[in-house]
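Engineer: the sequence and its predicted three-dimensional model are supplied below.
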Amino acid sequence: MAAKRVFVAGHRGMVGSALVRQLTGKPDAEVVTASRDELDLLDQKAVSAYFADNAFDEVYLAAAKVGGIQANATYPADFIWQNLVIEANIVKSAHDADIDRLLFLGSSCIYPKNAPQPMPEESLLTGVLEPTNEPYAIAKIAGIKLCESYNRQHDRDYRSVMPTNLYGPGDNFHPENSHVLPALLRRFDEAAHTGAEEVVVWGSGTPRREFLHVDDMAAASIHVMDLDHETYAARTQPMLSHVNVGTGVDCSIGELAQLIASVTGYEGKLTFDASKPDGTPRKLLDVTRLTELGWTSQIPLAEGVADTYAWFHEHERSFRGR
Ligand code: GFB
């Protein structure tokens, strides 16, 4: 059997590069990527022409504008516009090129701020969103609905997975714009090296988050993509088609900070900066649907943080000055 041609959009990002690593090892897949110079995903005509010229069998839509709580607050226009345009361009172009199978990667911030915990897929659109990342969340909700609408109107098989907070090799370690886990790894590492007496953690330390290693996310995505149509359809609904991807376990930001202090060997004091936003109080996914579809996470948090810290050390030089 000829290998299927699989396009990974966003292959330079943390999730896209993990997907490429895993898909490259599969004998039945020929992985195709396009650099930003070759293909601007914000350019509708270019995306449409690229899909028309390439006979892809499957598309992983992992391209997105992402960032932590402060980046979302500072660049809301970039977050909503870029994500909406990338999704719209790729989904429509995939359909026009007669590609039947696509997997859209979203985010757990699609759920209402006060959703029941753990959050089931059914809590989508049942309440008001967390304001710190509402524009990004709206774009990700639109991505799910784009996929569902092409399925309903054109009988496509476009699926969606909603990861909890991701981390791992290839993450963004920017001091202000990154997510909490890479930000604290870098800050605690620097403090351990300089012998600083205090490390500042944003917010109150009480919000709870669930963290998933990106290699787990890539494995779950491939698992969901590879399910046959009947299996996927039996556990989802046409207008509630997304699948949560998480570990089923959360911890407080204070607990995460303690873990990172011990991994980096930092022995000084922790202080909390209440002038920074906490964001949503708790974000834990209900992973029943994914478990029923046959996948559970494999990488415990302590192991994943140690792995990410090793990667950070290997690539540390490239982060200096940014
Ligand atoms: O990871 P984070 O930026 O994203 O922040 P969200 C999580 C929590 O960690 C917040 C606290 O309560 C932060 O105040 N925190 C403590 C820090 N120290 C730091 C730090 O140095 N940097 C950062 N960034 N946070 C994001 C959304 O929300 O989650 C995105 O903004 C996306 O849209 C992503 O959905 C998964 O979990 O609050």
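Structural biologist: Received the coordinates, thanks.

Engineer: please count neighbours and contacts with C-alpha atoms only from this point.
Structural biologist: Fine.

Engineer: is Tyr158 bridged to anything, and to what?
Structural biologist: Taking DSSP bridges as the rule, Tyr158 bridges to Leu102.

Engineer: let me see the contact set for it.
Structural biologist: 100-104, 147-148, 150-151 (CA atoms under 8 Å, 6 or more residues apart in numbering).

Engineer: repeat for Arg159
Structural biologist: Arg159 neighbours (CA under 8 Å, 6+ apart): 101-104, 144, 147-148, 225, 241-242.

Engineer: can you show me the helices along this protein?
Structural biologist: 14-24, 44-53, 69-74, 76-96, 134-154, 180-194, 214-226, 229-235, 253-264, 288-292, 301-315 (DSSP state H).

Engineer: tell me what the shortest one is packed against?
Structural biologist: Of the remaining helices and strands, those touching helix 288-292 by 3 or more CA pairs under 8 Å, 6 or more residues apart in numbering; DSSP states H and E are strand 242-245.

Engineer: list the buried residues for the strand it packs on?
Structural biologist: Using 16 or more other CA atoms under 10 Å as the test for burial, strand 242-245 gives 242-245.

Engineer: repeat for stretch 261-280
Structural biologist: Under 16+ other CA under 10 Å, the buried positions of stretch 261-280 are 261, 263-264, 266-267, 270, 278-280.

Engineer: so what touches that stretch?
Structural biologist: 69, 113, 130-132, 185, 188-189, 191-192, 195-205, 207, 305-306, 309.

Engineer: 6 Å instead, please
Structural biologist: Contacts to stretch 261-280, defined as CA atoms under 6 Å, 6 or more residues apart in numbering, come from residues 113, 130, 189, 192, 197-204.

Engineer: could you dump the contacts of Arg159 into TSV and include distance to Glu38 and pLDDT?
Structural biologist: What follows is the contacts of Arg159, written out as TSV (distance: CA to CA, whole Å; pLDDT from 0 to 100):
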residue	distance to Glu38	pLDDT
Arg101	23	98
Leu102	21	98
Leu103	22	99
Phe104	22	99
Ile144	27	98
Cys147	25	98
Glu148	29	98
Met225	26	98
Ser241	32	98
His242	31	98
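
Engineer: scan the residues you listed and report the most crowded one.
Structural biologist: His242 (29 neighbours; other CA atoms under 10 Å).

Engineer: check contacts around that residue.
Structural biologist: Contact analysis of His242 by CA under 6 Å, 6+ apart lists 160-161.

Engineer: what's opposite it in the beta bridge?
Structural biologist: Ser160.

Engineer: quick one: the closest residue to Ala218 other than its chain neighbours from the ligand, how far?
Structural biologist: Residue nearest to Ala218 in three dimensions, not counting chain neighbours: Leu19, with 5.0 Å by CA to CA, 6 or more residues apart in numbering. According to CA to the nearest ligand atom, to the nearest Å, Leu19 stands 18 Å off from the ligand.
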